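using only what follows, build the 3D model:
(2 chains)
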Amino acid sequence: MSGKSHFWAWFQFITMLLIGTVILFKLLNFIIISIPLILGVVMYYSSKPIIEFLIRHGISRKMSVNIVFVTSTILSLLLIYFIPSWFYQEILNLKNKAPLVISQIQDLLTSTENWLNTKLPPDIMRIDIESYVMSLAKKLLPLIFSNLPGMITNLIIIIAMTPVFGFFLLKDSKQFKEFFLNITPNRYYEMAAVIIDRINKQVGNYIVGRIIEAAAVGIIVLLPTAFAGVEGSVLIAFIVAVTNIIPYIGPIIGTIVGVILGFASVTTSFTPIWVILFACGAAQLIDAVILSPVIVGKSMNLHPLVVFTTFIIAARMFGILGLIVGVPIVAIYVITFQSFRQALKGFAPYEKI
Amino acid sequence: MLYHCFYGTIASMKWGLRSICEKILKNKGENKLVTFFKDVELFRDFTDEEILNFIESVPISTREYAPGEMVFHEGQGGVSVYFVFEGRVGIYKNYGETDEITLAHLHKGDFFGEISFLRETPRTATVVAMQPTVLLAISQRDIEEFMNNYPHIAYKILKNFAIKLSNDLEKSNKQMENYVKTIHSLSEEVEILKKELNSCKSKLKPSNSREKEE
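The predicted structure is shown next:
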């Protein structure tokens, strides 16, 4: 392609991306729609291998999609039946144990503070971590408990909507692709087909890789904590697995939340805390050495500066949701750019004739 | 209230009728495609069910070309396979240049683009629509995905690709044979002409020497 044609291709591509970004930003503000949609996309890519497996075993495509939909709906119904009560019980349990947890954390903070103050020269301002953390906890805890019914309602809607979004994406993915290709001008058709295929493949691999990675991390954390009898080990493993999606700071957040929840099990000794720390450390080690390079691959690694900038912007705009989906979305944008650039390289001039 | 009920009933009836019509049209479109693909060389020995399976699983882009419009050109990237649904296309080497060669003209039911599809190399020729043409384009990855999901059909597709390539090869061989025959007859003619020339030269030589003596 000549320089002028390159410029137009890039111009159209960036315009389309910008329109997509605006729609995405608008959608992300409606959590009730955006989370099921994101989870629906995740469901689409993660259930694709299952559908392919069923097709290879003689079941028609329509039937395979229906099987996946019915299974995911039953799972959702089970989750809706069990999760809110379980979640509510866990939170209530935590609320009942809150004074104990708070006193445990308070003791730990006081001892840390005293230790730090003895190490610091006398003329330096005294550190008062305890009062700071306590004031923050006093502000946050009532907020969490007052929003609990709303959170559970949202959770039920999200769990119920996800299979619906996933089903339509699975059922009509062919029509979506045909639509995009049919609206592409003839001269860009070949390029568009290559780009869509490449993006589809890479994004699919990335999402499936991340899911497997998160599940593996969750299991690695669950096994020792459950074996050691840590209370709420499933919740801790789930939180560590979900936060693991966030690069760099995700594992730290997961470990901190896990340790705070672990204080509920602390009675006389700090063994549960050590077990959680060990489990999270081991999970991170195995993830960094084995899982990440093998499953996700290195091609998707973003520069730390890009990651942190994304954190700041996404967290400021969309809160916790932004923190979780921000980096994967940026990674998908990077894949899209790379695919477009590579595809553009393979296309020779069209204008010479 | 009554008005709303009436309006709701009419709207739902309209929606129902529209969805039924859409379904009929879709089935009609699919039937049309089944009939078309049955006559395509790539789907030789396919049952109706297998063709329907293919149509339902693989995204097919319908592309319309004006006369003279280029589908793709030599050296361009791209791995889609095209089926001529309506109209006619021409395949050229060195299109638009002085040494342009017309390789073939393809009609309804023919397909092209299989070389880049199989070898993942740039296009080896330029394809131009010769009249208002409708092509059905399918990308390589979708066909590969379909072949992965249906290995027994994949065998047929690959076999038909091989048959198409061997037919092309046979055609090329025949062309080559003709070229070789032409070259042989031309070289024989050249030999005869050479001999004639030599005899003429030998006849000319004595007369020249006599002229010199005189």
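
can you tell me the residue of the stretch 1-150 of chain A closest to chain B?
Using CB to the nearest CB, the closest approach of the stretch 1-150 of chain A to chain B is made by residue A:55 at 4.3 Å. Heads up, the C-betas are built off the backbone N, CA and C, glycines and all.

per-residue confidence at the residue in the stretch 151-300 of chain A positioned nearest to chain B?
With CB to the nearest CB, the shortest gap between the stretch 151-300 of chain A and chain B falls at residue A:190, namely 3.3 Å. pLDDT, the model's per-residue confidence, is 83 for residue A:190.

around chain B, pick out the residues from the stretch 51-200 of chain A.
Applying CB under 8 Å from any CB of the partner chain, we find that the stretch 51-200 of chain A lies next to chain B at A:52, A:55-56, A:60-62, A:174, A:177-178, A:181-182, A:186-187, A:189-191, A:193-194, A:196-197, A:200.

which of the residues you listed fall in helices?
With helices identified by DSSP state H, the entries of those that belong to them are A:52, A:55-56, A:61-62, A:174, A:177-178, A:181-182, A:189-191, A:193-194, A:196-197, A:200.

please list only the buried members of those residues.
Neighbour-count burial (16 or more other CB atoms under 10 Å in any protein chain shown) applied to those gives A:55, A:61, A:174, A:177-178, A:181, A:189-191, A:193-194, A:196-197, A:200.

can I get the residues you listed in a markdown table including distance to residue B:31?
Conversion of those to a markdown table gives the following (distance: CB to CB, whole Å):
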| residue | distance to residue B:31 |
| --- | --- |
| A:55 | 23 |
| A:61 | 19 |
| A:174 | 18 |
| A:177 | 22 |
| A:178 | 18 |
| A:181 | 22 |
| A:189 | 26 |
| A:190 | 29 |
| A:191 | 32 |
| A:193 | 26 |
| A:194 | 31 |
| A:196 | 28 |
| A:197 | 28 |
| A:200 | 29 |
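
and the furthest pair within these?
The largest distance within those, taken as CB to CB, falls between A:55 and A:191 and amounts to 29.2 Å.

circling back to that earlier point, what does the closest residue to the residue of the stretch 151-300 of chain A closest to chain B other than its chain neighbours show for phi and psi?
In space, and not counting its chain neighbours, residue A:190 is closest to residue B:78: 3.3 Å by CB to CB, 6 or more residues apart in numbering or on different chains. The phi and psi values for residue B:78, taken as degrees, to the nearest 10, are phi 140, psi 140.

mind checking how far residue B:78 is from residue A:10?
Residue B:78 sits 19 Å away from residue A:10, going by CB to CB, to the nearest Å.

wait, the residue of the stretch 151-300 of chain A closest to chain B sits on residue B:76?
Yes: if you go by CB atoms under 8 Å, residue A:190 and residue B:76 touch, sitting 6.9 Å apart.

one step back: got the contact list for the residue nearest to residue A:190?
Under the criterion of CB atoms under 8 Å, 6 or more residues apart in numbering or on different chains, the contact list for residue B:78 reads A:190-191, A:193-194, A:346-347, B:72, B:113, B:116, B:122-123.

go on, residue B:32?
Residues touching residue B:32, when contacts are defined by CB under 8 Å, 6+ apart, are absent altogether.

tell me how many other residues crowd residue A:281.
Summarising burial for residue A:281: neighbours were counted as other CB atoms under 10 Å in any protein chain shown, giving 12.

is it true that it lies in a helix?
Yes: the assignment for residue A:281, made by DSSP: H, G, I helix; E, B strand; the rest coil, places it in a helix.

re the thing from before, lowest-confidence one in the contacts of residue B:78?
Looking at these by pLDDT, the weakest one is residue A:347, with 57.

now the end-to-end length of stretch B:123-130.
The straight-line separation of the ends of stretch B:123-130 (CA to CA, to the nearest Å) is 19 Å.

next, the buried residues of it.
Neighbour-count burial for stretch B:123-130 [16+ other CB under 10 Å]: B:123, B:125-130.

also stretch A:18-31?
So, applying 16+ other CB under 10 Å, buried residues of stretch A:18-31: A:24, A:28.

thought residue A:233 was touching residue A:223?
No: if you go by CB under 8 Å, residue A:233 and residue A:223 don't touch, sitting 9.0 Å apart.

which of the two has more neighbours?
Taking other CB under 10 Å, residue A:233 and residue A:223 do not tie; residue A:233 has more neighbours (25 against 15).

for the more buried one, which non-adjacent residue is spatially closest?
When the adjacent residues along the chain are set aside, residue A:233 lies closest to residue A:225, with 3.9 Å between them (CB to CB, 6+ apart).

same question for residue A:162.
Using CB to CB, 6+ apart and skipping residues adjacent in sequence, the residue nearest residue A:162 is residue A:39, 4.3 Å away.

next, the buried residues of the helix or strand hosting that neighbour.
Taking DSSP states H and E as the definition, residue A:39 sits inside helix A:31-56. Neighbour-count burial for helix A:31-56, with 16+ other CB under 10 Å as criterion, is recorded at A:33-48, A:51, A:54-55.

neighbours around residue 139, how many?
Since you didn't name a chain, this refers to chain A. For residue A:139, the count of nearby residues is 9 (other CB under 10 Å).

hmm, no, I was thinking of chain B.
Using other CB under 10 Å as the criterion, residue B:139 is surrounded by 26 other residues.

so where's chain B shaky on pLDDT?
Within chain B, the set of residues satisfying pLDDT under 70 comprises B:1-30, B:206-214.

quick check: closest non-adjacent residue to the spatially most central residue of chain B.
Note on chain B: the residue nearest the mean C-alpha position is residue B:112, at 2.7 Å, using CA atoms, centre = their mean. Excluding the flanking residues, the one nearest residue B:112 by CB to CB, 6+ apart is residue B:82, at 5.5 Å.

just say helix, strand or coil for residue A:150.
Secondary structure assignment for residue A:150 (three-state DSSP): helix.

apologies, that question was intended for residue B:99.
Once three-state DSSP is applied, residue B:99 turns out coil.

pull the contacting residues for it.
Going by CB under 8 Å, 6+ apart, the list of residues near residue B:99 is empty.

dihedrals phi and psi, it?
phi -100, psi 40.

so how far is chain A from it?
Computed as CB to the nearest CB, to the nearest Å, the residue B:99 to chain A distance reads 14 Å.

helices of chain B, start to end?
Taking DSSP H as the test, the helices found in chain B are B:2-38, B:48-57, B:114-119, B:140-149, B:151-213.

by contact count, what packs against the shortest one?
By that I understand helix B:114-119. Secondary-structure packing of helix B:114-119 (3 or more CB pairs under 8 Å, 6 or more residues apart in numbering or on different chains; DSSP states H and E): helix B:151-213.

cutoff 10 Å now
The criterion is 3 or more CB pairs under 10 Å, 6 or more residues apart in numbering or on different chains; DSSP states H and E, and the helices and strands that helix B:114-119 contacts are strand B:81-86, helix B:140-149, helix B:151-213.

ok, residues contacting that helix?
Where contact means CB atoms under 10 Å, 6 or more residues apart in numbering or on different chains, the residues beyond helix B:114-119 that reach it are A:190, B:42, B:72, B:76-82, B:111, B:121-125, B:138-140, B:143-144, B:158, B:160-162, B:164-165, B:168.

the same query, at a cut-off of 6 Å, please.
The set of residues that contact helix B:114-119 without belonging to it, under CB atoms under 6 Å, 6 or more residues apart in numbering or on different chains, is B:79, B:81, B:123-124, B:140.

quick check, nearest of those residues to residue A:274?
Using CB to CB as the measure, the one of the contacts of helix B:114-119 that approaches residue A:274 most closely is residue B:140, at 54.2 Å.
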